[in-house]
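Novice: What follows is a predicted structure for the sequence shown.
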Amino acid sequence: MSHLRVVADNSFPAPAMSEASEASAPGDLPLNRIIQGDCVDLMNSLPAGSVDLVFADPPYNLQLGGDLLRPDNSTVDGVTEHWDQYDTMDAYDLFTHDWLQAARRVLKDDGSIWVMGSYHNIFRVGTVLQDQQFWIQNDIIWRKTNPMPNFRGTRFTNAHETLIWATKSEDSRPTFHYDAMKMMNDGVQMRSDWTLPICTGHERLKTEGGGKAHPTQKPESLLHRVILSTSNPGDVILDPFFGTGTTGAVAKKLGRHYIGLEREHDYIAHARKRIAKIRPAGTEAIQITRSKRSEPRVPFAHLVERGLIDIGTKLFSAKGKIAARVRADGSLKSEDGFEGSIHKVGAHVTDAPSCNGWTFWHFMGAEGLMPIDTIRSQIRAEMAAS
């Protein structure tokens, strides 16, 4: 492999990891490192199935022609770098195929891949994703609060970019922290349109001459949502187009490992300085609101066999108008004789297609009717403490 150079970020102490996390981060991975070279060659050198999350912000192939001027005749600092230029669409498609194929090989079966782009490239990238049998979980619209105006007045202002969240197959079971995203959205389900500002002010890295260090530096707020929603502390995040290190910076703040691949030396230099300044938060600080789906499964029968709910106990609906009795195997029998699980009996007595029996059924406690889910929560707390 030619032109490979590992640039260490030794200021990053490894976050505390469970046994499962350690298994996902084998010792031969260049964790918390920036590797200089071609991203396809470098990804092919990594162990197969070794990373938990891939975030890719590939060249957009903007096909810009000539200078773009503001109304005052000043020049817009657009993307004119050589790495964003391809001779033909076929050449860009081949490049997209090659790097996505390499990313697929290195991604775990239950891992996630995020790819972002603009109207110039995202539809071509999406086609290749599906051609390679990736399964699209969501597309996200990043709506920019402060987009660059359309100075020529010839089309709509381009005020958004698109992110595609995908997995290796329809059967993949990716990490997704639904409740944490809901918490970030003031208790309301997080939508697929994210309104965030572009990278400006103190966050925008500058050259010694005062220019932009990278023309398409992404805001950390965008990566914060991506990484927090689809990875866990100690996970390995690969960015094949590392640029000035936004992925690495946010990964370090959130207690994840990163692997950055980048060809341009100047970008690497900026990324190193940026990431070195970050001091990771403690293990407790990076914890998030956990989804109930991720908590241990506790069958209702466990409450019965442990004597937390006695055989023959009468359970009620929240207002006490509907009742059923608990049987020895954890099933219920309603007053009209219907038998089944807490969920099936709940659905039957309410004439509904489904029912969450844990929240529907209540027992009579010292302070009145209480949902049986409160007892399940106590058992889960015991399991977590053991």
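Specialist: Thanks, I have the structure now.
Novice: residues in contact with the most centrally placed residue in the chain?
Specialist: When C-alpha atoms, centre = their mean is applied to the chain, the residue found nearest the centroid is Thr230 (2.6 Å). If you count contacts by C-beta atoms under 8 Å, 6 or more residues apart in numbering, Thr230 has them with 53, 112, 114, 165, 174-177. Yep, even glycine has a C-beta here, placed from its N, CA and C like the rest.
Novice: Tell me the secondary structure of the closest residue to it other than its chain neighbours, please.
Specialist: Among residues not flanking Thr230 along the chain, Ser112 sits closest, at 4.4 Å (C-beta to C-beta, 6 or more residues apart in numbering). With DSSP: H, G, I helix; E, B strand; the rest coil as the basis, Ser112 sits in strand.
Novice: Might one say that Ser112 is in contact with Asn232?
Specialist: No. Using C-beta atoms under 8 Å, Ser112 is not in contact with Asn232, being 11.3 Å away.
Novice: What is the neighbour count of the nearest residue to Pro58 once chain neighbours are set aside?
Specialist: Closest residue in space to Pro58, ignoring its immediate chain neighbours: Phe241 at 5.4 Å, by C-beta to C-beta, 6+ apart. By other C-beta atoms under 10 Å, 20 other residues sit near Phe241.
Novice: One more: the one 4 residues further on?
Specialist: Taking other C-beta under 10 Å as the neighbour definition, Gly245 ends up with a count of 29.
Novice: any idea how far Ile342 is from it?
Specialist: Gly245 is 50 Å from Ile342, where distance means C-beta to C-beta, to the nearest Å.
Novice: Tell me, how many residues neighbour Gly187?
Specialist: Close neighbours of Gly187, defined as other C-beta under 10 Å, add up to 8.
Novice: That one belongs to a helix?
Specialist: No. According to three-state DSSP, Gly187 belongs to no helix; its state is coil.
Novice: Can you give me every residue that contacts Asn158?
Specialist: Residues near Asn158 by C-beta under 8 Å, 6+ apart: 118-119, 147-148, 150.
Novice: any chance of those residues in TSV, plus secondary structure, distance to Asp87 and neighbour count?
Specialist: Conversion of the contacts of Asn158 to TSV gives the following (DSSP: H, G, I helix; E, B strand; the rest coil; distance: C-beta to C-beta, whole Å; neighbours: other C-beta atoms under 10 Å):
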residue	secondary structure	distance to Asp87	neighbour count
Ser118	coil	20	14
Tyr119	coil	20	11
Pro147	coil	29	14
Met148	coil	26	15
Asn150	coil	27	13
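Novice: between the residues you listed, which is nearest Gly187?
Specialist: Pro147 (28.7 Å; C-beta to C-beta).
Novice: so that closest one sits right up against Ile198, yeah?
Specialist: Yes. Using C-beta under 8 Å, Pro147 makes contact with Ile198 at a distance of 6.9 Å.
Novice: And the top helix by length along the chain, how far out from the chain middle?
Specialist: Of all segments of type helix in the chain, defined using DSSP state H, the longest is helix 89-106. Counting by C-alpha atoms, centre = their mean, to the nearest Å, helix 89-106 is centred 22 Å from the centre of its parent chain.
Novice: neighbouring contacts of that helix?
Specialist: 39-40, 43-44, 46-51, 54, 56, 58, 61, 86, 113, 115, 121, 124-125, 128-129, 131-132, 134, 168, 238, 240.
Novice: for stretch 118-133, same thing?
Specialist: Against stretch 118-133 from outside (C-beta under 8 Å, 6+ apart): 58-63, 89, 92-93, 96-97, 100-101, 104, 115-117, 136, 139, 158, 161-162, 164, 166, 168-169.
Novice: same question, stretch 310-318
Specialist: 304, 322-328, 332, 342, 349, 360-364, 369, 371-372.
Novice: hmm, which of the contacts of stretch 118-133 are the buried ones?
Specialist: The neighbour count (16 or more other C-beta atoms under 10 Å) marks 58-62, 92-93, 96-97, 100, 104, 115-117, 161-162, 164, 166, 168 as buried among the contacts of stretch 118-133.
Novice: which of the contacts of helix 89-106 are buried?
Specialist: Buried subset of the contacts of helix 89-106 (neighbour count, 16+ other C-beta under 10 Å): 39-40, 43, 46, 50-51, 54, 56, 58, 61, 86, 113, 115, 121, 125, 128-129, 134, 168, 238, 240.
Novice: Could you look up the SS state of Arg155?
Specialist: At Arg155, secondary structure determined by three-state DSSP is coil.
Novice: go on, Met116?
Specialist: Following three-state DSSP, Met116 is assigned to strand.
Novice: show me what contacts it?
Specialist: Per C-beta under 8 Å, 6+ apart, neighbours of Met116: 56-57, 122, 142, 161-164, 218.
Novice: at 7 Å instead, please
Specialist: By C-beta atoms under 7 Å, 6 or more residues apart in numbering, the contact list for Met116 reads 57, 161-163.
Novice: And Ile34, by the same measure?
Specialist: Contact analysis of Ile34 by C-beta under 7 Å, 6+ apart lists 7, 242, 260, 262, 268, 271-272.
Novice: State the helix or strand in which it lies.
Specialist: Counting by DSSP states H and E, the element that carries Ile34 is strand 33-36.
Novice: Where in this structure is the helix or strand with the lowest mean pLDDT?
Specialist: When the helices and strands of the chain are scored by mean pLDDT, DSSP states H and E, helix 19-23 comes last with a mean of 33.
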